[in-house]
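# the sequence and its predicted three-dimensional model are supplied below.
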Amino acid sequence: MTFPFSARALSLAACAGAALALPLVLSCAPAAAAGEAALGRRIAKANCARCHAIGKTGESANPKAPPFRVVAVKYRGEDLEEAFAEGIMVGHRAPEMPEFEFSPRQIEALTAYLGRLRGK
């Protein structure tokens with residue numbers, strides 16, 4: 001069986017196709033990250049906003065609860081992921097701080113949101 005195109009021509013065509021598709025794939029990454037951060041904000045609003053200020057401005061309702069923008073700058077993302085996975089009791093001395101259990105997806109979303117507050 002013979003093919004009308006050489007292996008080299010097919011290889012070049014495949015590379016050209018991949019080069020054309022790459023910008024489309026890369027342009028989806030910021031949108032996915034924005035969606036992840038938006039989900040994290042919704043989770044924070046539902047679970048944390050009664051005590052913590054979760055936005056870029058504002059004071060926390062509970063003076064013992066640091067604003068998320070402060071938490072975002074003070075702690076690395078990896079440390080926050082670990083704290084969320086452990087039930088977020090790490091670092092809390094206030095008896096009114098409830099213990100939370102987040103799924104891996106929720107942890108990723110919360111971390112993405114805190115990254116946005118940090119400016120990443």
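Received the coordinates, thanks.

# what helix or strand does residue 71 sit in?
Residue 71 is part of helix 68-74, with elements assigned from DSSP states H and E.

# using PDB, write down the CA coordinates of whichever helix or strand comes after that helix.
Note on helix 68-74: by DSSP H and E, the next helix or strand toward the C-terminus is helix 77-85. Extracted C-alpha coordinates of helix 77-85, given in PDB (Å, rounded to 0.1, in the frame of the first residue of the first chain):
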ATOM      1  CA  GLY A  77      -0.800  28.000  48.800                       C
ATOM      2  CA  GLU A  78       0.700  24.600  49.700                       C
ATOM      3  CA  ASP A  79       0.300  25.300  53.400                       C
ATOM      4  CA  LEU A  80      -3.300  26.300  52.900                       C
ATOM      5  CA  GLU A  81      -4.100  23.200  50.900                       C
ATOM      6  CA  GLU A  82      -2.700  21.100  53.800                       C
ATOM      7  CA  ALA A  83      -4.600  23.100  56.400                       C
ATOM      8  CA  PHE A  84      -7.900  22.700  54.400                       C
ATOM      9  CA  ALA A  85      -7.200  19.000  54.000                       C
END
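
# got the buried residues for helix 77-85?
Of the residues in helix 77-85, those buried by neighbour count under the rule 16 or more other C-beta atoms under 10 Å are 77, 80-81, 83-84. For the C-beta atoms, the positions are set from N, CA and C on the backbone; glycine is no exception.
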